[in-house]
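give me a model of this one.
(2 chains)
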Amino acid sequence: MEATSSIDPELEFTSTGVNSSKLGMWIFLASEVMFFTGLIGSYIVLRLGSDTWPDPSQHLATSVLAINTFVLICSSLSMVLGLQAISQGDQKKLTKYLLITILLGTTFLVIKVADYVHMIHNNFTITSSLFGSCYYFLTGFHGLHVAGGIVTLVVVLIMAKKGRFSKSHYDMVECTGLYWHFVDLVWIILFAILCLV
Amino acid sequence: MSGDVDPKPGFIRTYVFSTDHKMIAKQYLFLGIFYLLIAGLFAVQIRMQLAHPDAEAPLIGKALWPQTDGKMPPEFYNMLFTMHGSLMVFFAITPIVIGAFGNFVIPLQIGAKDMAFPILNMLSFWVMFIGGIVMAASFFVPHGAATAGWTAYASLSSSSEVTSPILGHGQTFWLLGIAFAGTSSLMGGINYIVTVLNFRCRGMKLLRMPLTTWGLFFTAILNVLWVPVVAAALFMVLVDRLFGTSFFMAGPLASVEGGQPLLYQHLFWGFGHPEVYILILPVWGLVGDLLSVFSRKPAFGYKATVYSMATIVILSQIVWGHHLFTSGMNPLLGHVFVFLTITISVPTSIFFLNWLATLWRGAIRLTEPMLYALGIVFVFCIGGLTGLFNALQALDIYVHDTYFVVGHFHYTLAASVLFGVFAGIHYWFPKMFGRNMNARMAKVHFCLTFIFLNCVFFSMMYVGAGGHMRRISDPTTYTFLKDFQVWNRFMGYSTLALAAAQLLFAWNFFHSLFFGKKAQQNPWQANTLEWSAPTPPPHGNFLSPPKVARGPYEFNSPLSGDRDWLMQDDPAATASDS
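Numbers count the residues shown, from 1 in each chain, chains lettered A, B, ... in the order given. As a prediction, the model looks like this:
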């Protein structure tokens, strides 16, 4: 996203004072909230309207998914540490934490795919039951969001390596961080309503 | 970065992959006019089929269906009305009213150099462009285009392609096309909101913005919030089709138990009803602007108009259930939706009365944009009042799925928005292209369009109240509809005349593009900032950053001297605080 990094002082009287990229990212996240509200809301309606709903633990490896949740939460932590590093002007630390975030995100996806393969082997597929459809559909869309986040993080990492961020200029790191935390939050909700309840 | 533009970009950067909001607006305008033409021709085909169900389809019949002597098969009729609605809503109205007017007007009216995110802006156009190609391509896949109506109700739309290949891929193309259009709207919406919130020039307080910008701003908010919801629903339909799941399938066609077709309707109309306001809000704003400019009076109750539009934005998000009165939704829930829907008529009446009060004792100039604006006031009045019939559960059960509903939403959407399109094009054409359109031709075009449009849409409501169903290709197969055939013929010929009248507009538009008289900087003597920019505005729009001293509608102010208008950024007069 290209935008002015700092607001023109001429415009100061007639703007929100929030940096445009960040404002744009927040509005985008609002739309993402509505998207997942559509998905999760549908899941709740389908589940409450269904006479028979299997016990999630019958089909899902809950412990593996719990570990995966932990991995994603850790990636959020490393993202925050990266942001903190660049806000103090430490480019090296930023690069390091971005790399850790990307690795943790990728780990999440790898475990996810391995889990899919394992479950499909056990005849739990997208068409085996309504629960299966919901599970693959919701987690699949979340997975796509994680993948998109990783691609963005790689771009940010390359920019960080080139020294494009500094103590006073790190909007893109912050915006990517906002998105990453959002994706993390969505997973925690999905994990709770799909696997635990 | 906004405003830092290459002063001499090459041909491709100027005309194709431009990041200048004014060029993107023109691209949207031409895209929209192209699909308006296509979807308009579909409407002519539809009405001709209903006028003469037994005759061969004009022009295309002999070539496409030689085995039936050129008679149109019902499946093709289904494709026609599906694609007529979908293309009109997503690829004609949206690009023109939101894409073209929004892009052109917002930065100019708030005194900005460009949009907040110019590259995102360019992408939003090209994503829309791809979506349009995908939609058009769907006619050429085996078994043809989508046939489930523009609402794409499940399970018509969500039956699996995998288990029944006879369904073809048209609906899948439709879903992808709408997904592209939605992505484009989302990108545009984010851009508009950030631009309005962060890029206003000095002195341009929120409550000094012209009503058009307010309308476009509210539209952007609704787009950002509700397009993702329909995206969620459409992705579920897509997965139902391609992977054989049964989110929206029930009964013998479902692969697993528990799917809910009604859920789709909730999700679709959760978006679909705000979508109505997404399309009409910019037009409402435009009418507010035009009535004020051409009555030479301040817009009556400017703040009340803004607040009532804001109220409608909120209410529009919680009334979707009035589309589901006959769908098997709990009638008790229906009562809630009746109440909420009727509540919308309060803010609507407020700004409607503000329009009338703006006209009251004004020095009215019947210019061509003003004629279209007055046309909107008339057709929107009819559309709004007939909406009350549909909003009441007991009445709706009678008129649901008849041509009464079709007539109603064509008055509110087709007639109002079409006039909005014409009003906007005639109003901003001089600023956009630096030339004037032919005024006399435009006035003739308005009169013809107004007459024939009412002939078509009012007749629709008449036959609808008599029980004429929508979405049937041959009304003569029903005995009780035989008497309406004379009306169907009347509508058919009126549609032909309506289409013919558009040739006047097309000629006027394209001829004026190249040969129109050179336009002045402020031909309408309006106050808003777009008219203090040079004609046509250069990259960066304003020669020097404007400073706004007052609201947008200071007509006949004592401060303006011998003129009757006072530009928002006019430094000559002392600032009056609004």
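
switch to C-alpha atoms for all contacts and neighbour counts from now on
Will do.

what pLDDT does the residue of the stretch 301-450 of chain B found nearest chain A get?
Among the residues of the stretch 301-450 of chain B, B:Gln317 lies nearest to chain A; the distance is 12.3 Å by Cα to the nearest Cα. Note on B:Gln317: pLDDT of 95.

dump the residue contacts of it.
By Cα atoms under 8 Å, 6 or more residues apart in numbering or on different chains, the contact set of B:Gln317 is B:Gly270, B:Phe271, B:His273, B:Pro274.

tell me how many other residues crowd the residue in the stretch 101-250 of chain B that chain A sits nearest to.
Chain A sits closest to B:Asn198 of the stretch 101-250 of chain B, with a gap of 4.1 Å, by Cα to the nearest Cα. B:Asn198: 24 surrounding residues under other Cα atoms under 10 Å in any protein chain shown.

swap in B:Pro165?
By the criterion of other Cα under 10 Å, B:Pro165 has 12 neighbours.

return the set of buried residues in stretch A:135-145.
Using 16 or more other Cα atoms under 10 Å in any protein chain shown as the test for burial, stretch A:135-145 gives A:Tyr135, A:Tyr136, A:Phe137, A:Leu138, A:Thr139, A:His142, A:Gly143, A:His145.

contacts for it?
So stretch A:135-145 is contacted by A:Leu39, A:Ile40, A:Leu109, A:Thr125, A:Ile126, A:Val183, A:Val186, A:Trp187, A:Leu190, A:Leu194 (Cα under 8 Å, 6+ apart).

now do stretch A:152-172
A:5, A:21-22, A:86-91, A:94-95, A:98-99, A:102, A:173, A:176.

return the subset of the residues you listed lying in helices.
Using DSSP state H, the members of those that fall in helices are A:Ser21, A:Lys22, A:Ile86, A:Ser87, A:Gln91, A:Leu94, A:Thr95, A:Leu98, A:Leu99, A:Ile102, A:Val173, A:Thr176.

is the helix ranked longest in chain B in proximity to chain A?
Longest helix in chain B by number of residues (criterion: DSSP H): helix B:261-295. Yes - with Cα under 8 Å from any Cα of the partner chain as the criterion, chain A is reached by helix B:261-295 at B:Leu263, B:Leu267.

from the chain's centre, how far out does that helix sit?
The chain centroid and the centroid of helix B:261-295 are separated by 8 Å, computed with Cα atoms, centre = their mean, to the nearest Å.

most neighbours among the contacts of stretch A:135-145, please name it.
Using other Cα under 10 Å as the neighbour criterion, A:Leu39 leads those with 23 neighbours.

show the contacting residues for B:Val256.
B:Val256 makes contacts with A:Thr127, A:Ser128, A:Ser129, A:Leu130, B:Thr245, B:Ser246, as judged by Cα under 8 Å, 6+ apart.

hang on, the earlier thing: tell me which other helices or strands the longest helix of chain B touches.
For helix B:261-295, the elements it packs on are helix A:20-49, helix B:211-243, helix B:302-316, helix B:331-359, helix B:368-391, helix B:416-433, judged by 3 or more Cα pairs under 8 Å, 6 or more residues apart in numbering or on different chains; DSSP states H and E.

next secondary structure after the least confident helix or strand in chain B by mean pLDDT?
Taking mean pLDDT, DSSP states H and E as the measure, the helix or strand of chain B with the lowest value is helix B:11, at a mean of 82. As assigned by DSSP states H and E, the chain's next helix or strand after helix B:11 is helix B:21-51.

using CSV, write out every CA atom in the following helix or strand past that next one.
Using DSSP H and E, the helix or strand that directly follows helix B:21-51 along the chain is helix B:61-64. Written as CSV, here are the backbone C-alpha positions of helix B:61-64 (Å, rounded to 0.1, in the frame of the first residue of the first chain):
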residue,chain,number,x,y,z
GLY,B,61,-33.2,-15.6,-33.0
LYS,B,62,-32.5,-17.1,-36.5
ALA,B,63,-28.8,-17.3,-35.9
LEU,B,64,-28.9,-18.9,-32.4
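
between helix B:21-51 and the helix or strand just after helix B:61-64, find me the angle.
Next helix or strand after helix B:61-64 toward the C-terminus (DSSP H and E): helix B:74-86. Angle, helix B:74-86 to helix B:21-51, by axes from the mean of the first three to the mean of the last three Cα atoms, to 10 degrees: 150 degrees.

out of the contacts of stretch A:152-172, who has the most neighbours?
Most neighbours among the contacts of stretch A:152-172, by other Cα under 10 Å: A:Leu94, with 27 neighbours.

look up phi and psi at B:Lys547.
phi -120, psi 120 (degrees, to the nearest 10).

that one and B:Leu513, how far apart?
Noted for B:Lys547: a distance of 32 Å to B:Leu513, by Cα to Cα, to the nearest Å.

now tabulate the helices and strands packed on helix B:261-295 in a markdown table and tack on distance to B:Phe140.
A markdown table is the format used below for the helices and strands packed on helix B:261-295 (distance: least, Cα to Cα, whole Å):
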| stretch | distance to B:Phe140 |
| --- | --- |
| helix A:20-49 | 31 |
| helix B:211-243 | 19 |
| helix B:302-316 | 37 |
| helix B:331-359 | 41 |
| helix B:368-391 | 36 |
| helix B:416-433 | 29 |
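
quick check: the residue of chain A nearest chain B.
Residue of chain A nearest chain B, by Cα to the nearest Cα: A:Ser15 (4.1 Å).

leaving out sequence neighbours, find the closest residue to B:Arg241.
Nearest non-adjacent residue to B:Arg241, counting by Cα to Cα, 6 or more residues apart in numbering or on different chains: B:Ser160, 4.0 Å away.

please name the nearest non-neighbouring residue to B:Pro118.
The shortest distance from B:Pro118 to any non-neighbouring residue, by Cα to Cα, 6+ apart, is to B:Thr19 (5.1 Å).

so how far is B:Ile12 from the one you found?
11 Å.

who's more crowded, the two?
B:Thr19 (22 against 9).

contacting residues around the more buried one?
By Cα under 8 Å, 6+ apart, the contact list for B:Thr19 reads B:Arg13, B:Pro118, B:Ile119, B:Asn121, B:Met122.
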